[in-house]
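Colleague: I would like the atomic coordinates for the input below:
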Amino acid sequence: MSKLAYLFAAYSAIWAAVLIYLVRLGMRRRALEARVDSLERAAGSRQEGGM
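Modeller: Below you'll find the model as predicted:
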């Protein structure tokens, strides 16, 4: 392979890794938001029931 082909392969691999990282980060963010929402609902129902 030529040097340009190696450069293209490395560039593509780096961008693929960045894309995978961003997708996984987005998935974790959505899961965390869902958990925070459920905890807020649980805390809200406990506060309303306790008064």
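Colleague: Quick one: the strands in the chain, in order.
Modeller: Under the criterion DSSP state E, the chain carries no strands.
Colleague: okay, and for it, where does confidence drop off?
Modeller: Scanning the chain for pLDDT under 70 picks out 49-51.
Colleague: let's go with 80 and repeat that
Modeller: Flagging of the chain using pLDDT under 80 yields the residue ranges 1, 46-51.
Colleague: how far away is the one residue sitting closest to the centre of the chain from Gln47?
Modeller: Geometric centre of the chain, nearest residue: Leu25, 1.9 Å, by CA atoms, centre = their mean. Leu25 sits 32 Å away from Gln47, taking CB to CB, to the nearest Å as the criterion. C-beta: built from backbone N, CA, C; applies to glycine.
Colleague: How about Leu4?
Modeller: Relative to Gln47, and taking CB to CB, Leu4 is found at 64 Å.
Colleague: Also Leu32?
Modeller: 22 Å.
Colleague: do Ala31 as well
Modeller: 25 Å.
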